[in-house]
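1. Next input, structure requested:
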Amino acid sequence: MKIKITVGDKVLTATMENNETAKDLISMFPLTVTLEDYASTEKIFYPDRKLSTKGAPSGYKPSVGDITYYAPWGDIAIFYKNFGFAGGLINLGKIDGDMSALTNSKNSTVTFSLA
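-> Sure, this is the predicted structure:
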């Protein structure tokens, strides 16, 4: 499934995984949030509720552009740097192409919606 991530006047697209956690996030769309920078590696936000982790693997090794859910904290993370394997991290999807609109500012208000 394709989604849109709107940052100001820029629109990014992402391809989402076909898993319960991704479907649960998509059920909240449209969703407008403020992304915060975390550890100079990822942009994060906390959805209004914890997402389903049914059938999720024990962890994931993210790379640039990955959209993930960190189940222990309940946050969504979009990685702009590669990272090592993390227990409790679930892959939700990947940004298609250039994601500089997300990484150019410290905090960004973005809207997630179906494409």
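2. which of the residues in the worst-scoring helix or strand of the chain on mean pLDDT are buried?
-> Least confident helix or strand of the chain, by mean pLDDT, DSSP states H and E, is helix 100-103 with a mean of 88. For helix 100-103, a neighbour-count test (16 or more other CB atoms under 10 Å) marks 101-103 as buried. C-betas here are computed from N, CA, C, even on glycine.
3. Take those residues and write them to CSV, including distance to A56.
-> As requested, the buried residues of helix 100-103 are exported to CSV (distance: CB to CB, whole Å):
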residue, distance to A56
A101, 29
L102, 24
T103, 27
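4. nearest to Y70, of the residues you listed?
-> Closest to Y70 out of these is L102 (17.4 Å), distances taken as CB to CB.
5. how far out from the middle of the chain is the helix or strand that the least confident helix or strand of the chain is followed by?
-> Next helix or strand after helix 100-103 toward the C-terminus (DSSP states H and E): strand 108-114. Centroid separation between strand 108-114 and its chain, computed with CA atoms, centre = their mean, to the nearest Å, is 10 Å.
6. Can you show me the helices along this structure?
-> For the chain, applying DSSP state H gives helices covering 20-26, 100-103.
7. I'd like those laid out as CSV, including distance to I90.
-> Formatted as CSV, those follow (distance: least, CB to CB, whole Å):
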stretch, distance to I90
helix 20-26, 5
helix 100-103, 20
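8. my guess is K54 meets E20, correct?
-> Yes - the pair K54 / E20 is scored as a contact, 4.3 Å apart, by CB atoms under 8 Å.
9. which of those two has more neighbours?
-> E20 (15 against 10; other CB atoms under 10 Å).
10. what pLDDT does the spatially most central residue of the chain get?
-> Nearest to the geometric centre of the chain sits I67, at 3.2 Å (CA atoms, centre = their mean). I67 carries a pLDDT value of 98.
11. Okay, and the beta partners of it?
-> Taking DSSP bridges as the rule, I67 bridges to I78, G93.
12. residues contacting the residue nearest to A86 when sequence neighbours are not counted?
-> Nearest non-adjacent residue to A86, counting by CB to CB, 6 or more residues apart in numbering: G59, 5.5 Å away. Listed by CB atoms under 8 Å, 6 or more residues apart in numbering, the contact partners of G59 are 85-89.
13. Nothing else from me, thank you.
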